[in-house]
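**Q** I would like the atomic coordinates for the input below:
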Amino acid sequence: MKPIRISLRSKLALMALVLLALPWVGYQYVQEMERFLLDGQRQGLIATARAVATALHERPQLFGRPPGSSMVSLSDSLLPGEEVLELAIAAMPQQTPTEAPFAAPPPAPTIDGAAEVAAILRALERNTARIWVVDRDLDVLTHTGSLAPPPAASPAPLVQFWHGLLGSVGYRPDDIAARLADIPPPSGQAISGTLFGATTSWLRPVGGSDVLIVAAAHPVWVADRVQGAVVVEESTLAIQAVRDAAVERLAWLTFAGLAIAAIVVLGFASRLSWRIRSLRDEAESAIDARGRITGLAAASTAGDEVGDLSRSFSTLLARLAQHHQYLESMASRLSHELRTPVAVVRSSLENLQLEALPPEAATYLDRAHAGLHRLTRILARMSEATRMEQALATTDPEWFELRAVIAECLSGYRLAHASQRFDDRLTDQPVWVRGAPDLAAQMLDKLVSNAIDFTSAGQPIKIELTLTDTQAELSVSNHGPTLPSALEGKLFDSMVSGRSADPGGEPHLGLGLYVAQLIAGFHGGKLAARNLPSDDGVRVTATLPARADNSLGARADRQ
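**A** Here you go, the predicted model:
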């Protein structure tokens, strides 16, 4: 299974997704702030209820009911299934009631208590709060204020989207205003604890939204008895306005932060990827198709790990270039150094031939001459590649007709190898190649010589030349042993041979096809070898850039 390729920029982008945790953390902070503000609002309402109750303490005439008056009773406002959401008893000092055995009944009211209480509450009227004053019988003496907020604009679309993204229940201000205007009074069950002397607070939800009604109740004392209660209610729309503003700022800051972080990460990843790709390109361009180190990578001056890698790679290439240069010059050096002792041995053998030697010594003398001949051939072939490289460096390319060169070479092969049959299939079009005709003939000589060595007895050698729009293919095929798998990709390297060792035969150093590859590269082409489809031989193909334009021939003739 092919592994999934993930670029460096993609990996850094995936790592940058960790930044998405920041909006979640920010939203959690906003929720914590909302809870803190809700608790502050609860404490503020308790303080307001306590302040109003303080103004009503020890004033029994305010809780009298004039004859013929009608009051709303909170005992009738308890809805079916309604329950107290939260009960909190404020830590405040309270008097322990010590009821006298014969307490005198309160005096008969001489004033309208409800009107007096309403006059007191008008000074405390607030637009966003509703205040109720009830007596012990849960009858409403008076109330003031409204929970309905003033008209406000709808939340920004970004805030609504943010609420939907984070699972918050959206709402419309006009719907909430209508619902808050229809909120019934608090239930008697909710304030029942206040009539026993406790300060209570609770929450009531507004159906279909996340808006809450925060309420607080404080008892009103007359002497040592709870005569009534003050209930203060307020919605959480103000808190939600603060929350929405914080969420909106958080959204914009988050998007801006993510955009900046994405740009920074993308820029850093692009810069890092560019440096790595540059190092890769330098590595690929430093070695040519023949495996030679043609250039050294420029060492980076950066102080990071990529810079260290670039400097190490440049040093490695420099050392490899020195070693490769030593290996390339070793053959010519050995050939030069061995020519002098070979000449000494040759002269000594020639002098021995002039002397009168016993008959049995002639055999050893002939063996010495044969070994010297082999050694001379080895030295000549060792220096052949070096001479070829020097010749290629000094040869000026020209346009020549390749088909004519091949036809002339075929005539020579048939004369030189009369026992070997050659089959040719050459294109009828002229094939113009830019290079050197003598070098092209030498390349063909190497390919044919290699084919002759491996051709089975009685089998022909086939030479083909085909032409396409931009290139020519010259192939030499022979029937015989196939290419061993060990030589795959190495057949055209220097000092590589597929022949078996033969001490008594012609020396083979594996330089023939290497020289042919050098000549093909000089002509802008390359060599390739593969087994025949019938798997009973090998075809070596030289692919060269060429053209069939006859005007090139006229131009070459003028030159």
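
**Q** use CA for all of it now, contacts and neighbours both
**A** Fine.

**Q** Which helix or strand contains the closest residue to Gly307 other than its chain neighbours?
**A** Spatial nearest neighbour of Gly307, excluding adjacent residues (CA to CA, 6 or more residues apart in numbering): Ser300 at 5.2 Å. Using DSSP states H and E, Ser300 sits within no helix or strand.

**Q** What about Gln459? Give its phi and psi, please.
**A** phi -100, psi 140 (degrees, to the nearest 10).

**Q** isn't it right up against Ile452?
**A** No - taking CA atoms under 8 Å as the definition, Gln459 is not a contact partner of Ile452, at 9.9 Å.

**Q** still on that earlier bit, so what's the residue count around the residue nearest to Gly307?
**A** Neighbour count for Ser300, taken as other CA atoms under 10 Å: 17.

**Q** Isn't it up against Ser310?
**A** Yes - counting by CA under 8 Å, Ser300 touches Ser310, with 5.7 Å between them.

**Q** Against Arg374, how distant is Leu349?
**A** Going from Leu349 to Arg374 by CA to CA, to the nearest Å gives 15 Å.

**Q** His57 too?
**A** Distance from His57 to Arg374, counting by CA to CA: 132 Å.

**Q** Repeat that for Thr470.
**A** Applying CA to CA to Thr470 and Arg374 gives a distance of 44 Å.

**Q** more neighbours, those two?
**A** Arg374 (16 against 10).

**Q** hang on, that one is in a helix, isn't it?
**A** Yes - assessed with DSSP: H, G, I helix; E, B strand; the rest coil, Arg374 lies in a helix.

**Q** Tell me how far it lies from Ser449.
**A** Arg374 is 18 Å from Ser449, by CA to CA.

**Q** which residues are contacting stretch 417-432?
**A** The contact list for stretch 417-432, computed with CA atoms under 8 Å, 6 or more residues apart in numbering, reads 399-403, 410, 414, 458-467, 472, 546-550, 552-553.

**Q** how about the strands in the stretch 301-450 of the chain?
**A** Assigned strands in the stretch 301-450 of the chain, in chain order: 398-401, 422-426, 432-435 (criterion: DSSP state E, counting those that start in this stretch).

**Q** ok, the first one: who's next to it in the sheet?
**A** Neighbouring strands of strand 398-401 in its sheet, by DSSP bridges, are strand 432-435 (antiparallel).

**Q** Give the buried residues for the strand it pairs with.
**A** Trp432, Val433, Arg434, Gly435 (16 or more other CA atoms under 10 Å).

**Q** what is the mean pLDDT for that strand?
**A** What strand 432-435 shows for mean pLDDT is 92.

**Q** Looking at Ser146 now. What's its pLDDT?
**A** Note on Ser146: pLDDT of 80.

**Q** element containing the closest residue to it other than its chain neighbours, please.
**A** Once flanking residues are discounted, Ser146 sits nearest to Arg130: 5.1 Å by CA to CA, 6+ apart. Per DSSP H and E, Arg130 falls inside strand 129-135.

**Q** what lines up beside that strand in the sheet?
**A** Using DSSP bridges, strand 129-135 pairs in its sheet with strand 139-145 (antiparallel), strand 225-235 (antiparallel).

**Q** Determine which stretch of the ones you listed is the most buried.
**A** For the strands paired with strand 129-135, the largest average neighbour count (mean count of other CA atoms under 10 Å) is found in strand 225-235, namely a mean of 26.

**Q** Check which helices and strands the next helix or strand after that strand sits against.
**A** Helices and strands here follow DSSP H and E; after strand 225-235, the next one along the chain is helix 237-286. Using 3 or more CA pairs under 8 Å, 6 or more residues apart in numbering; DSSP states H and E, the elements in contact with helix 237-286 are helix 8-16, helix 21-56, helix 157-165, helix 305-354.

**Q** Point out the most buried one among these.
**A** helix 21-56 (a mean of 17).

**Q** Return the mean pLDDT over it, rounded to an integer.
**A** For helix 21-56, the mean per-residue pLDDT is 87.

**Q** Same question for stretch 227-243.
**A** 87.

**Q** same question, stretch 409-416
**A** Average pLDDT, stretch 409-416: 89.

**Q** now stretch 438-453
**A** 89.

**Q** tell me how far that stretch is from the chain's mean position?
**A** Centroid displacement of stretch 438-453 relative to its chain, using CA atoms, centre = their mean, to the nearest Å, is 52 Å.

**Q** Then stretch 466-474?
**A** That offset, for stretch 466-474, works out to 44 Å (CA atoms, centre = their mean).

**Q** okay, how far is it across it, tip to tip?
**A** Taking CA to CA, stretch 466-474 runs 7 Å from one end to the other.

**Q** do the same with stretch 464-476
**A** Stretch 464-476 has an end-to-end distance of 7 Å (CA to CA).

**Q** Equivalent analysis for stretch 416-429, please.
**A** End-to-end for stretch 416-429, by CA to CA: 27 Å.

**Q** With stretch 346-366 instead?
**A** Using CA to CA, the two ends of stretch 346-366 sit 12 Å apart.

**Q** Just the residues contacting that stretch, thanks.
**A** Counting by CA under 8 Å, 6+ apart, residues outside stretch 346-366 touching it are Ala368, His369, Leu372.

**Q** OK, contacts around the second one?
**A** Under the criterion of CA under 8 Å, 6+ apart, the contact list for His369 reads Arg346, Leu349.
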